[in-house]
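1. 3D, please:
(one chain, ligands or ions: 1)
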Amino acid sequence: MKLTVDFAIVYQTLVSECPKSTISGIQFNKDFGQHILKNPLIIQSIVDKGAIRPTDTVLEIGPGTGNMTVKILEQAKKVIACEIDPSYFPSLYYFRNLCLQEVPTDFDIKTLIDTVLNEINFADKRARTMDLDDFVLLLATFNKHGIHFA
Ligand SMILES: C[S@@+](CC[C@H](N)C(=O)[O-])C[C@H]1O[C@@H](n2cnc3c(N)ncnc32)[C@H](O)[C@@H]1O
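-> Next up is the predicted model:
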């Protein structure tokens, strides 16, 4: 079963906060371990070692300017890249055409699941089986809170 969390109710688009003029002059922040791979052959060899399949969704931590992200995208179905430093967002958006979404710093999956279970009074229930009505109610409540199962 696949679980996806929909940030639609809590994220905001960052595009308006990413003027194109801020692309140039990025300073490397050593606190975030920043350096950028420039040699395309090295980038390609790293990506190839991942043996990515066309059906894969890849989680990339720290895309920086997105130079590796676009290479991963050539092989994967989808890339979800998490970048902590906003100074890279303009590059990711304007140069790489990537869609930006903000994950709220206070996002907490455990609290969200507790909220769902408490809302329908399932928090204290323990069962090996569940009747169809309860199952549909549970799924619908997860969906309402932006958590989807497929
Ligand atoms: C060494 S750079 C690699 C950049 C790019 N992937 C490349 O190969 O050229 C590390 C990247 O990870 C980001 N980073 C560091 N800590 C992070 C964190 N906790 N979450 C997300 N990104 C992070 C940095 O801002 C930086 O963009």
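
2. Which strand or helix spans the most centrally placed residue in the chain?
-> By CA atoms, centre = their mean, the chain has its centre lying nearest to residue 80, at 4.4 Å. Per DSSP states H and E, residue 80 falls inside strand 78-82.

3. how far out from the middle of the chain is that strand?
-> Its chain's C-alpha centre and that of strand 78-82 lie 5 Å apart, by CA atoms, centre = their mean, to the nearest Å.

4. Not counting that strand itself, show me its contacts.
-> The contact list for strand 78-82 (CB atoms under 8 Å, 6 or more residues apart in numbering) reads 57-63, 66, 69, 72-73, 92, 98, 103. The way it works is simple: take the backbone N, C-alpha and C, and place the C-beta from them, glycine included.

5. Identify the residue of this structure closest to the ligand, quick one.
-> Closest residue of the chain to the ligand, CB to the nearest ligand atom: residue 62 (2.1 Å).

6. Spatially, what comes nearest to that residue if we skip its sequence neighbours?
-> residue 83 (6.2 Å; CB to CB, 6 or more residues apart in numbering).
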